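[1] Dropping the sequence and predicted coords here.
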Amino acid sequence: MLGRSAWRNIGQDRIAAFADITEDHNFIHLDEKRVRAETAFQTTIAHGFLTLSLLSAFANDVIPKLKGQTAAINYGFDEIRFIAPVPAGSRIRGNFTLLGLSTRQSGHVQLTWRVEVEIEGQERPALVARWITLAMMEEAS
């Protein structure tokens, strides 16, 4: 493993803000009373896409810039699995393992990561993903 990010709090305010931005107002994210009455959850849970969206912040904590790198961009995912719900009030962090690195014809570097998002105090991760990023490199002179 390359490293672990700092913990991030997933409070109800963050979940509600994400619901507003994405227009996903499913009650499982917003209505604790209804969640307890109608589901097996004990409290509201974060959107899976909220958890996924924090990968960039986690990566900024962990992944060092390559020599000559000018920017990093998201290239996509080969796999994303949402394993366990993230209850409101939880803390999560990203664990990164470098699976592959290759230089593209453009000179940019493609990196493939295994990312696991850990929920503090829980055995099962919130998600696991195979994430591909590109390190944009300065042009050789």
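    Cool, got the structure. Numbering: from 1, shown residues only.
[2] doesn't residue 102 fall inside a strand?
    Yes - the assignment for residue 102 by DSSP: H, G, I helix; E, B strand; the rest coil puts it in a strand.
[3] Surely it touches residue 132?
    No - at 10.4 Å, residue 102 does not count as touching residue 132 under the criterion of Cβ atoms under 8 Å. The way it works is simple: take the backbone N, C-alpha and C, and place the C-beta from them, glycine included.
[4] higher neighbour count, those two?
    Higher neighbour count among residue 102 and residue 132: residue 132, with 16 against 9, using other Cβ atoms under 10 Å.
[5] Next, give phi and psi for the more buried one.
    Residue 132 has phi and psi values of phi -110, psi 130 when expressed as degrees, to the nearest 10.
[6] still on that earlier bit, overlap of the contact sets of residue 102 and residue 132?
    residue 110 (Cβ atoms under 8 Å, 6 or more residues apart in numbering).
[7] Strands of the chain, start to end?
    Ranges of strands in the chain, per DSSP state E, are 3-4, 8-10, 69-82, 90-103, 109-119, 127-137.
[8] count of neighbours near residue 1?
    10.
[9] what's the distance between it and residue 115?
    10 Å (Cβ to Cβ, to the nearest Å).
[10] Read off the pLDDT value for the closest residue to residue 107 other than its chain neighbours.
    Among residues not flanking residue 107 along the chain, residue 137 sits closest, at 5.3 Å (Cβ to Cβ, 6 or more residues apart in numbering). Looking at residue 137, its pLDDT is 93.
[11] Contact partners for the most centrally placed residue in the chain?
    Centroid check for the chain by Cα atoms, centre = their mean gives residue 55 as the closest residue, at 2.9 Å. Neighbouring residues of residue 55 by Cβ under 8 Å, 6+ apart: 94, 115, 117, 129, 131.
[12] if I look at residue 97, how far off is residue 49?
    Counting by Cβ to Cβ, the gap from residue 97 to residue 49 is 22 Å.
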